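Asks: The amino acid sequence is not available; the structure is as follows:
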Ligand code: PMP
């Protein structure tokens, strides 16, 4: 008899499990709108040309593959903070930011979660309802208590701003408030600049610590600076804050696992101490981070020509998603005779759209129409082509009514 008898079968991951169901479907019409990964109009994975160029330069240089320091590649850590806060930000010159390379967004969030668990015992993390499903897993595994704040209003398919502010206000002082820097996943609904100011007001009032998850910088609007506006607004107030970054989407480096955790402190001395503790946390977790993606980012951002090429390609990707969004809206509006207002689709930002489809309706999408999406009604527009919009609109119409 096996000593592993007591280990039960784990449920499939709600997002990555969709790809498995998609693979098993043999219908030619099938569409995978589950995972948030950019596809071309031909629905093929896309490696950015600027990444290929940077990789060729790296190969030509013949760099070695020795271990990085625990905190990661110094040139990467510099540019990643520059991209986020703006290279002229005084916080950088004053060395008030502790930046440590992490295993993409997920690994960077996990490092921060461990820091919270160790140095803020009992402090709660407030997570938007809904949020990216892995947030709860990350804090659960780090043994950090969390609760949810209201975010999505199903009546308007928009932001429940009053509810959000009330819940942040009500949380115990000194909580961490997890915020999506831009292109909220899964809803695609972001606060307005004015609302961000008010959110910052309440967070400061309650002595909370803002904790940004930035997984889509540049990918939402097409502009790196515009998508960092929320983070910079908080940084400009001189508050302490945490920011996890990912290069999975904006540079298409999904499997390279490249990202960072930044902790903004009120002194260089505090930043040095926080950084030393982040390194101490990283050492037994992954020892030191992978080098390939870090070099790609550092080489691209460090070279003005490549940096510009990246911006052009990022705009192209963001633009394709916007075109698909428009086409889907047009198709739905033309097909729906019920008078339903579909304009919420146009108001949403980034790779995802929250359709308002229920779990049962989402099941109909996959069972009858071979369209795979998360059961909360989220579709990834990055996995959709202009050519497939009509088909998707038919599927949504059938499932809704
Ligand atoms: N946060 C959010 C909100 C995300 O949507 C994602 C990617 N789906 C991530 C973090 C992390 O992704 P990765 O670990 O690939 O950087």
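Replies: That came through, no problem. Source: prediction; values computed, not measured. Residues are numbered from 1 along each chain as shown.
Asks: Tell me how many other residues surround residue 23.
Replies: Neighbour count of residue 23, defined by other C-beta atoms under 10 Å: 11. C-betas here are computed from N, CA, C, even on glycine.
Asks: any idea which element it lies in?
Replies: helix 16-24 (DSSP states H and E).
Asks: tell me which residues of that helix are tucked away?
Replies: Neighbour-count burial for helix 16-24 flags 18, 19, 22 (criterion: 16 or more other C-beta atoms under 10 Å).
Asks: repeat for stretch 185-195
Replies: Buried residues in stretch 185-195 (16+ other C-beta under 10 Å): 185, 186, 187, 188, 189, 190, 191.
Asks: Distance across it, terminal residue to terminal residue?
Replies: 18 Å (C-alpha to C-alpha, to the nearest Å).
Asks: Wondering if that stretch reaches the ligand at all.
Replies: Yes: counting by C-beta under 6 Å from any ligand atom, the ligand is contacted by stretch 185-195 at residue 185.
Asks: looking only at pLDDT, what's the mean for that stretch?
Replies: Taken as a whole, stretch 185-195 has an average pLDDT of 96.
Asks: Pull the distance from that stretch to the chain's centre.
Replies: 13 Å (C-alpha atoms, centre = their mean, to the nearest Å).
Asks: for stretch 238-252, same thing?
Replies: 8 Å.
Asks: Okay, strands next: where are they in the protein?
Replies: 31-32, 97-103, 125-129, 146-150, 152-153, 158-159, 176-180, 209-214, 241-246, 258-264, 352-354, 371-372, 378-380 (DSSP state E).
Asks: Show me what the element among helices and strands of the chain having the smallest mean pLDDT is packed against.
Replies: None of the helices or strands of the chain scores lower by mean pLDDT, DSSP states H and E than helix 16-24, at a mean of 88. On a contact count with 3 or more C-beta pairs under 8 Å, 6 or more residues apart in numbering; DSSP states H and E, helix 16-24 meets strand 31-32, strand 371-372.
Asks: quick one: the closest residue in space to residue 79 that isn't next to it in sequence from residue 34, how far?
Replies: In space, and not counting its chain neighbours, residue 79 is closest to residue 301: 4.0 Å by C-beta to C-beta, 6 or more residues apart in numbering. Relative to residue 34, residue 301 is positioned 31 Å away (C-beta to C-beta, to the nearest Å).
Asks: show me where the stretch 301-401 of the chain has helices.
Replies: 304-335, 344-347, 359-369, 389-400 (DSSP state H, counting those that start in this stretch).
Asks: Tell me who's in contact with the residue lying closest to residue 365 once chain neighbours are set aside.
Replies: Leaving aside its chain neighbours, residue 365 sits nearest to residue 371 (4.4 Å; criterion: C-beta to C-beta, 6+ apart). By C-beta atoms under 8 Å, 6 or more residues apart in numbering, the contact list for residue 371 reads 30, 31, 33, 365, 392, 395.
Asks: Output the set of residues of the stretch 1-150 of the chain in proximity to the ligand.
Replies: 36, 104, 105, 106, 132.
Asks: Excluding chain neighbours, give the residue nearest to the last one in space.
Replies: Closest residue to residue 132 apart from its sequence neighbours, by C-beta to C-beta, 6+ apart: residue 185 at 4.6 Å.
Asks: my guess is the one you found contacts residue 214, does it?
Replies: No: using C-beta atoms under 8 Å, residue 185 is not in contact with residue 214, being 11.3 Å away.
Asks: picking up where we left off before, generate TSV for the buried residues of helix 16-24, with distance to residue 236 as supplementary columns.
Replies: Below are the buried residues of helix 16-24 laid out as TSV (distance: C-beta to C-beta, whole Å):
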residue	distance to residue 236
18	39
19	40
22	43
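Asks: Which single one of these is nearest to residue 357?
Replies: Proximity of the buried residues of helix 16-24 to residue 357 (C-beta to C-beta) peaks at residue 18, which lies at 14.1 Å.
Asks: who's in contact with that closest one?
Replies: 32, 34, 35, 372, 373, 374.
Asks: now do 6 Å
Replies: 34, 372 (C-beta atoms under 6 Å, 6 or more residues apart in numbering).
Asks: what's the answer for residue 75, then?
Replies: residue 298 are the contacts of residue 75 under C-beta under 6 Å, 6+ apart.
Asks: how about a cut-off of 7 Å?
Replies: 298, 302 (C-beta atoms under 7 Å, 6 or more residues apart in numbering).
Asks: same deal with residue 116?
Replies: Residue 116 sits in contact with 123, 125, 144, 176, where contact means C-beta under 7 Å, 6+ apart.
Asks: And residue 1, how close does it get to residue 8?
Replies: For residue 1, the distance to residue 8 - C-beta to C-beta - is 16 Å.
Asks: meant to ask about residue 225, not that
Replies: 48 Å.
Asks: Quick check: buried residues in stretch 48-56?
Replies: Buried residues in stretch 48-56 (16+ other C-beta under 10 Å): 48, 50, 51, 53, 54.
Asks: What residues of stretch 229-249 count as buried?
Replies: Per 16+ other C-beta under 10 Å, stretch 229-249 contains these buried residues: 230-232, 234-235, 239, 241-249.
Asks: The residues you listed: which ones sit near the ligand?
Replies: Applying C-beta under 6 Å from any ligand atom to the buried residues of stretch 229-249, those adjacent to the ligand are 246, 248.
Asks: ok, the buried residues of stretch 48-56 vs residue 325, which is closest?
Replies: Distances from residue 325 to the buried residues of stretch 48-56, taken by C-beta to C-beta, are shortest for residue 48, at 21.1 Å.
Asks: Quick check: the closest one touching residue 251?
Replies: Yes: the criterion here is C-beta atoms under 7 Å, and residue 48 meets it with residue 251 at 6.3 Å.
Asks: Please tell me I have it right and residue 97 contacts residue 84.
Replies: No: at 8.9 Å, residue 97 does not count as touching residue 84 under the criterion of C-beta under 7 Å.
Asks: So between the two, which is more surrounded?
Replies: residue 84 (26 against 23).
Asks: Apart from its chain neighbours, what residue comes closest to the more buried one?
Replies: residue 228 (5.7 Å).
Asks: hang on, isn't residue 151 packed against residue 127?
Replies: No: using C-beta under 7 Å, residue 151 is not in contact with residue 127, being 9.0 Å away.
Asks: Leaving out sequence neighbours, find the closest residue to residue 237.
Replies: residue 200 (6.1 Å).
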